[in-house]
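[1] Below: sequence and its predicted model.
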Amino acid sequence: MPVDTSDADARFRQWMRDNLVRAAEHFGVVVTGEPLHGWLDRSISAPVRRGGAEYWLRVVSEDKQWIGGDFWTGNLDANGFAGLSKPYVLDVFEWEQWRQQRAEITTRMPGSPCSPTDALRTGIDLSDQWWAELRRTTDTVAATPTQRVNSSQDKVTQRLVQRFGDAVDPTVPEWETVHGDVHWANLLRPRFGLLDWELWGRGPVGTDAATLLCYSLLVPDIAQRVREVYADVLDTDAGRFAQLYVVARLSRRIDGGEYPDLAQPLEQHTRALLDS
């Protein structure tokens, strides 16, 4: 019989709201919009104001055993990317309260997310300039050397073997620097912007293009546009490998109850990849 965790979940979400208030008081800012909870409620964020200036405030909470990895400082480390349409971290505040909290105040990006969820479910009108800026951004990231790790060979092997057994050689053919979370809730419009740089680091070539394509499969016109923009990446052995890796990652989340409507198109996409 499933355990009812609704009361515990509600208490945790309120606790995260309290964390946001504490961070706002520390930075001397006022929350000006409804807070947004992140994946599994591990983060909370909201627009804030100090004087006449607008910012964004985010608080992430983790058990202490999981902090200290590349993801913990990813947004701050991404300040090194100059000239990209992305938030830049202005200040950081950490404290411990049975878990470790990290608050980051960042520049605020104009526009709104392309989708309220990672997967796109309705058509969207994006300019040619938007698509060009998307490609410029991922190309810039790919060409930037780093010691940060998004996906190790061990992680890739584990995911692929779990999903495909011995049907796919899990050896990564090529590596590059990737954003690691290019989905529609992290992309802004009408002016291009890319949020959430927590996970950037080394990963299989084509990871970002493959991720966006898989999250676009419910809207065929947009999926086709992604294929066109990244044809030189996706239509290669390395690109097809990256797509299979992303399929394996998303399949785990589908098995956990997320994106049930994405299961069938993702399975069709997988068959096409394996038959190619």
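    That came through fine.
[2] Every contact and neighbour count from this point should use C-alpha atoms.
    OK.
[3] what's near enough to touch Cys214?
    Ala223, Gln243, Val246, Val247, Leu266 (CA atoms under 8 Å, 6 or more residues apart in numbering).
[4] Can you tell me the number of residues neighbouring the fourth one?
    Residues within reach of Val247, counting by other CA atoms under 10 Å, total 24.
[5] State the distance from it to Met109.
    30 Å (CA to CA, to the nearest Å).
[6] Look through the protein and tell me its longest strand.
    Determined from DSSP state E, the single longest strand within the chain is strand 53-62.
[7] Now do it: distance to the chain's middle.
    With CA atoms, centre = their mean, to the nearest Å as the basis, strand 53-62 stands 16 Å off its chain's centre.
[8] That strand pairs with which strands, and in what direction?
    Here strand 53-62 has these sheet partners by DSSP bridges: strand 43-50 (antiparallel), strand 100-107 (antiparallel).
[9] Out of these, flag the one nearest Gly28.
    Closest approach to Gly28 among the strands paired with strand 53-62 (CA to CA): strand 43-50, 6.8 Å.
[10] Centre of the chain to that closest one, how far?
    18 Å.
[11] quick thing: my sequence starts at 787, can you match it?
    Shifting the count to begin at 787 puts that one at strand 829-836.
[12] Not counting its own residues, what contacts that strand?
    Where contact means CA under 8 Å, 6+ apart, the residues beyond strand 829-836 that reach it are 802-803, 806, 810, 814-824, 840-847, 894.
[13] Now it: average pLDDT?
    When pLDDT is averaged over strand 829-836, the result is 96.
[14] ok, and for that strand, which residues are buried?
    Ser829, Ile830, Ser831, Ala832, Pro833, Val834, Arg835 (16 or more other CA atoms under 10 Å).
[15] Out of these, flag the one nearest to Asp856.
    Nearest to Asp856 among the buried residues of strand 829-836, with distances taken as CA to CA, is Ser829, at 16.5 Å.
[16] Write down the beta-bridge partners of the closest one, one by one.
    Beta-bridge pairing for Ser829 (DSSP bridges): Val846.
[17] Out of the contacts of strand 829-836, which end up buried?
    Buried among these (16+ other CA under 10 Å): 802-803, 806, 810, 815-817, 821, 823, 840-847, 894.
[18] Hmm, Leu1030 is touching Arg1057, no?
    No - in this structure, Leu1030 is not within contact of Arg1057 by CA atoms under 8 Å, at 10.1 Å.
[19] Looking at these two, which one has more neighbours?
    Leu1030 (25 against 11).
[20] SS state for the more buried one?
    helix (DSSP: H, G, I helix; E, B strand; the rest coil).
[21] still on that earlier bit, rebuild the strands paired with strand 839-848 as JSON lines, extending it with distance to Glu1014.
    Converted to JSON lines, the strands paired with strand 839-848 look like this (distance: least, CA to CA, whole Å):
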{"stretch": "strand 829-836", "distance to Glu1014": "34"}
{"stretch": "strand 886-893", "distance to Glu1014": "32"}
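[22] For Leu1004, which of those is the nearest?
    Nearest of the strands paired with strand 839-848 (CA to CA): strand 829-836, 26.9 Å.
[23] Flag every buried residue along stretch 1038-1052.
    Buried residues in stretch 1038-1052 (16+ other CA under 10 Å): Tyr1045, Leu1048, Ala1049, Leu1052.
[24] What about these, which are in helices?
    Ala1049, Leu1052 (DSSP state H).
[25] Could you export the buried residues of stretch 1038-1052 as JSON lines, including distance to Asp1061 and pLDDT?
    As requested, the buried residues of stretch 1038-1052 are exported to JSON lines (distance: CA to CA, whole Å; pLDDT from 0 to 100):
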{"residue": "Tyr1045", "distance to Asp1061": "24", "pLDDT": "93"}
{"residue": "Leu1048", "distance to Asp1061": "20", "pLDDT": "97"}
{"residue": "Ala1049", "distance to Asp1061": "18", "pLDDT": "97"}
{"residue": "Leu1052", "distance to Asp1061": "14", "pLDDT": "97"}
